[in-house]
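Asker: Below is the sequence, then the predicted model.
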Amino acid sequence: MILRMIYDSCNAQQTVRPKIFFLKSLSSLLCELPAMTEPTLNHVNCPDAEGEHRMAYWQWGKPDSGHLVVCAHGLTRQGRDFDGLAQALCKRAVEQPGGIRVVCPDVVGRGESDWLKDSMGYQMPAYVADMMVLLSRLHAESPITTLDWVGTSMGALIGLVICGTPDLPLPVPVRRLVLNDVGPTLQRQAIVRIGAYLGESGHFNSVQDAADAMQVVSRSFGPHTPQEWLALSRPMVKPVSAAADSKFRLHYDPAIAVPFKLATEASAQQDEAALWQLYDHIKAETLVLRGALSDLLSPETAHAMTVRGPHARVVEFEGIGHAPTLIAKDQIAVVTGFLLGYAW
């Protein structure tokens, strides 16, 4: 049933345009340009039960590159989580013909995307449908020849569903898939922990106050410098009003908690069975990242992912729980090496 729901919601149209060939001299010039320091903010209109909503996405690199990497964030996060990874990919990819395009969406209800009128829309079939619309839009703008997916937690599950659902109308099959600290089996204690704070919008006197508060509930992210943590936290809040002395609130719609908290153990078991079925259909080369202290992705589930489905490779990061932020140099090196095909 979950497979049918996802397929029916993904009726995306694809437009084919001629490939663009770049002069060798232009490629040489691009290699000499400084690394991109800020992404461009874009939007795409996605249909929903109430009409449509706008989904925001942050784009790095060359907008006409045929090599697309989609980076999808976790449940309460947003696309700017991947700034460091995107910059590293763009810097390294100047050595490959055509460069690279990295797109980091704000899943609906988060970041710069619209909030849904119906909170029950904050579920996997709708998220997958939105990503299919995004891929169709990006393919129409410039043909996608190589497609990779990096997902953290919820974003990884979106990628798992996209890669594992047969006959989805993708522009091209996903070539390489990175699943950051999640698998088909989700540990119940982690779900309870996340549910305890999910939906709290918070009010903070400053961005620094917000960063300090978020660090308390995100200790499992592992060690970060104060500068790294502030950079991670800044896109996580928005002013409550337009006043110069406005307080700040968390960026996401508190209603994303509604369907999450309606889940039961029985429905979780059904979802787990469906996710394993999807995982077993994945053809993409797959890398699983795991925080060695993760309470969401167990060692047993990670091992099972190496012996079934795409027979993933697993890399663990010591001293990290749920989930690696892909900020640390060793984490970035693993992901960029996997996607761009060099040893890490």
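Answerer: Happy to help now that I have it.
Asker: G183 against H303, yeah?
Answerer: No: look at G183 against H303 with Cβ atoms under 8 Å: they stay out of range, at 10.0 Å. (Each C-beta comes from the backbone N, C-alpha and C, glycine too.)
Asker: now the stretch 1-150 of the chain, which segments are flagged as low pLDDT?
Answerer: Scanning the stretch 1-150 of the chain for pLDDT under 70 picks out 1-36.
Asker: now the helices: where do they sit in it?
Answerer: Applying DSSP state H, counting those that start in this stretch to the stretch 1-150 of the chain gives helices spanning 2-8, 24-31, 83-93, 124-141.
Asker: okay, G183 and H303: which has more neighbours?
Answerer: Shown here are G183 and H303; by other Cβ atoms under 10 Å, G183 has more neighbours (27 against 12).
Asker: How many residues are close by the nearest residue to the more buried one once chain neighbours are set aside?
Answerer: Distances taken as Cβ to Cβ, 6 or more residues apart in numbering place T301 nearest to G183, at 4.4 Å, with adjacent residues excluded. For T301, the count of nearby residues is 20 (other Cβ under 10 Å).
Asker: residues in contact with T301?
Answerer: Residues in contact with T301 (Cβ atoms under 8 Å, 6 or more residues apart in numbering) are 183-185.
Asker: do you know how far L68 is from L89?
Answerer: 11 Å (Cβ to Cβ, to the nearest Å).
Asker: list the residues that contact both of the two?
Answerer: Here L68 and L89 have 100, 102 as joint contacts, going by Cβ under 8 Å, 6+ apart.
Asker: in the stretch 201-344 of the chain, which ranges drop under the pLDDT threshold?
Answerer: Regions of the stretch 201-344 of the chain meeting the criterion pLDDT under 70 cover residues 344.
Asker: For the residue nearest to V44 when sequence neighbours are not counted, give its distance to K247.
Answerer: Of all residues not flanking V44 in the chain, R137 sits nearest, at 4.8 Å (Cβ to Cβ, 6+ apart). Distance of R137 to K247, computed by Cβ to Cβ: 35 Å.
Asker: Then V182?
Answerer: 33 Å.
Asker: do E200 as well
Answerer: E200 sits 15 Å away from K247, taking Cβ to Cβ as the criterion.
Asker: In terms of neighbours, single out the busier of those two.
Answerer: K247 (16 against 13).
Asker: quick one, what contacts the more buried one?
Answerer: 203-205, 239-240.
Asker: Now neighbour count too, for those residues, in CSV please.
Answerer: Converted to CSV, the contacts of K247 look like this (neighbours: other Cβ atoms under 10 Å):
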residue, neighbour count
H203, 12
F204, 19
N205, 11
P239, 13
V240, 13
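Asker: Among the residues you listed, name the ones in strands.
Answerer: Secondary structure defined by DSSP state E assigns P239 of those to strands.
Asker: Including distance to T225, could the contacts of K247 go into a markdown table?
Answerer: Below are these laid out as a markdown table (distance: Cβ to Cβ, whole Å):
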| residue | distance to T225 |
| --- | --- |
| H203 | 26 |
| F204 | 21 |
| N205 | 23 |
| P239 | 26 |
| V240 | 28 |
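Asker: for the contacts of K247, which one is nearest L147?
Answerer: Closest approach between the contacts of K247 and L147, by Cβ to Cβ: P239, at 36.2 Å.
Asker: okay, now the closest residue to that closest one other than its chain neighbours: neighbour count?
Answerer: Excluding the flanking residues, the one nearest P239 by Cβ to Cβ, 6+ apart is S246, at 4.1 Å. Using other Cβ under 10 Å as the criterion, S246 is surrounded by 12 other residues.
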